[in-house]
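Student: After the sequence you'll find the predicted model.
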Amino acid sequence: MNTVVCPECEAQINLEAGTEVGEIIVCPDCGVDLEVTALDPAAVELAPMEQEDWGE
Amino acid sequence: MKTSVSIVGGSGYGGGELLRLLLGHPNVEVKQVTSRSHLGEYVYQVHPNLRKRTQLKFSDPAQIEPVDVLFLALPHGEAQKRIDEYAALAGRIIDLSADFRLKDPADYQKWYGEPHAAPGWLGKFVYGLPELHRAEMAEAKYISGVGCNATATNLALLPLVKAGLIDLDQPIYVEIKVGSSESGAEGNAGSHHAERANVIRTFSAFGHRHTAEVIQELGVKNVSLTMTAVDLVRGVLATAHATVKPGVANKDLWKAYRAAANENPFIRVVKEQRGIYRVPEPKIVAGSNYADLGFELDESNGHVVSICAIDNLMKGASGTAVQCLNLMMGWDETLGLEFAGLHPI
């Protein structure tokens, strides 16, 4: 199983079988979007996310 | 065979919440619930959510019978006057009041303004926060309650203190927003609906009694709690401000908070970058025993903000008391406390 470390919170994330390069996954701990940049070995980078302050 | 329990002083909010939990607990049978002021009434006439859950009536406190575990949910100052009497009725006692939380009689006098009536008992009680005293509870006969504001503060600071991430020479300021049920079931002029509704009322800038439990339990000296009543019925939100040691980064905080969540079944980390609920909010934990923790660090100056949301009647009182019961009896810690809360609410 391919495992990556979230660059934001260092959570260990197991990549599901069939994950492809370019796919966006979500960190289960901090919720950031991560782009899968490689599979052998597996690597991810932070993907752009919308910042939200709910208008406050 | 189920464990027999009774509640002394069951007409308040804490006692009612405790009864709700114990009635649903698979290993427990509730024998008696006492109340002088509601003697002879069905308990659901005071705690309406318990209608059809029990036919118990409030008993006379003077006629309490021996049981395996006695819960004391009396007004502060009452349990200490009769503790020998209660100890003769049950081998195990869990007291929800403030009477046996502090270890040092001098501290009790300092924070509560009068000498303790049974100072010899203070050392016999384990402080009732499982996240700090889980191992001792397995051997304990007597466990104290916890202050709701103290619990929100202790849990907000726990990951930081345990991992040694904050500079304890720097002041720690904790802003606490509280719901109206914290002040109990007895009304006063300030809790009259016309006066209490819609408030954001800072009723204690510093020196709140629960500060003593934070000092005792976390070993932090330079800490101040500011209490603000807000327009909630249930809930506490503690927002703690501290200073991290040089070199501490966000990833160190993640490691510490994640460890706290992994070691404690009712601690959750809520630090999300998506969705509506990105930080802990009391309404999401209402009715549950969860404590939701979040944090933010300004790496430019070391200012860390740690947030804890709890239900004051659950993790801040009765839920934690049942968690203590589970540990004391050697049962699964989460037994009877599985409710996940409501959404939306």
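Tutor: Now that the structure is in, tell me what you want to look at. Residues are numbered from 1 along each chain as shown, chains lettered A, B, ... in the order given.
Student: So which bits of the stretch 201-345 of chain B are right by chain A?
Tutor: B:250-251, B:254-255, B:258, B:269, B:271-276, B:278 (Cβ under 8 Å from any Cβ of the partner chain). C-beta: built from backbone N, CA, C; applies to glycine.
Student: Can you flag which of those belong to strands?
Tutor: Among those, DSSP state E puts residue B:269 in strands.
Student: can you put the residues of the stretch 201-345 of chain B next to chain A in JSON lines and add neighbour count?
Tutor: Formatted as JSON lines, those follow (neighbours: other Cβ atoms under 10 Å in any protein chain shown):
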{"residue": "B:250", "neighbour count": "18"}
{"residue": "B:251", "neighbour count": "14"}
{"residue": "B:254", "neighbour count": "22"}
{"residue": "B:255", "neighbour count": "15"}
{"residue": "B:258", "neighbour count": "16"}
{"residue": "B:269", "neighbour count": "21"}
{"residue": "B:271", "neighbour count": "22"}
{"residue": "B:272", "neighbour count": "16"}
{"residue": "B:273", "neighbour count": "18"}
{"residue": "B:274", "neighbour count": "15"}
{"residue": "B:275", "neighbour count": "9"}
{"residue": "B:276", "neighbour count": "8"}
{"residue": "B:278", "neighbour count": "16"}
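Student: So the most centrally placed residue in chain A versus chain B, what's the distance?
Tutor: Compute the mean C-alpha point of chain A, and by Cα atoms, centre = their mean the closest residue is residue A:34, 2.6 Å away. Note on residue A:34: its distance to chain B, by Cβ to the nearest Cβ, to the nearest Å, is 11 Å.
Student: Quick check: beta-bridge partners of that residue?
Tutor: Note on residue A:34: beta-bridge partners by DSSP bridges are residue A:25, residue A:46.
Student: That one and residue A:27 touch, don't they?
Tutor: Yes - using Cβ atoms under 8 Å, residue A:34 is in contact with residue A:27, at 6.1 Å.
Student: hey, where'd the strands end up in chain B?
Tutor: Counting by DSSP E, chain B has these strands, from start to end: B:3-8, B:28-34, B:58-59, B:67-72, B:90-95, B:142-143, B:172-178, B:201-204, B:223-229, B:236-243, B:267-269, B:291-298, B:303-310.
Student: Repeat that for chain A.
Tutor: Applying DSSP E to chain A gives strands spanning A:3-5, A:12-14, A:24-26, A:33-39, A:42-46.
Student: if you skip the residues just before and after it, what's nearest to residue B:317?
Tutor: Leaving aside its chain neighbours, residue B:317 sits nearest to residue B:14 (4.7 Å; criterion: Cβ to Cβ, 6 or more residues apart in numbering or on different chains).
Student: For the one you found, the count of nearby residues, please.
Tutor: 27 (other Cβ atoms under 10 Å in any protein chain shown).
Student: low-scoring pLDDT stretches of chain A, where are they?
Tutor: For chain A, residues meeting the criterion pLDDT under 70 lie at A:1.
Student: Write out the residues of it neighbouring chain B.
Tutor: Residues of chain A lying near chain B (Cβ under 8 Å from any Cβ): A:8-11, A:26, A:29-33, A:49, A:52, A:54.
Student: ok, which pair from these is furthest apart?
Tutor: A:10 and A:54 (27.6 Å; Cβ to Cβ).
Student: neighbour count winner among the two?
Tutor: Each of residue A:10 and residue A:54 has its neighbours counted (other Cβ under 10 Å); residue A:10 has more, 16 against 6.
Student: surely the more buried one meets residue B:251?
Tutor: Yes - the criterion here is Cβ under 8 Å, and residue A:10 meets it with residue B:251 at 5.3 Å.
Student: show me the contacts for residue B:339.
Tutor: If you count contacts by Cβ atoms under 8 Å, 6 or more residues apart in numbering or on different chains, residue B:339 has them with B:287-289.
Student: nope, residue B:203 is what I meant
Tutor: Applying Cβ under 8 Å, 6+ apart, the residues near residue B:203 are B:190, B:227-229.
Student: which one of the residues you listed is nearest chain A?
Tutor: Comparing the contacts of residue B:203 against chain A with Cβ to the nearest Cβ picks out residue B:228 as the nearest, at 18.7 Å.
Student: From the structure, what's the count of residues near that closest one?
Tutor: So residue B:228, with other Cβ under 10 Å, has 16 neighbours.
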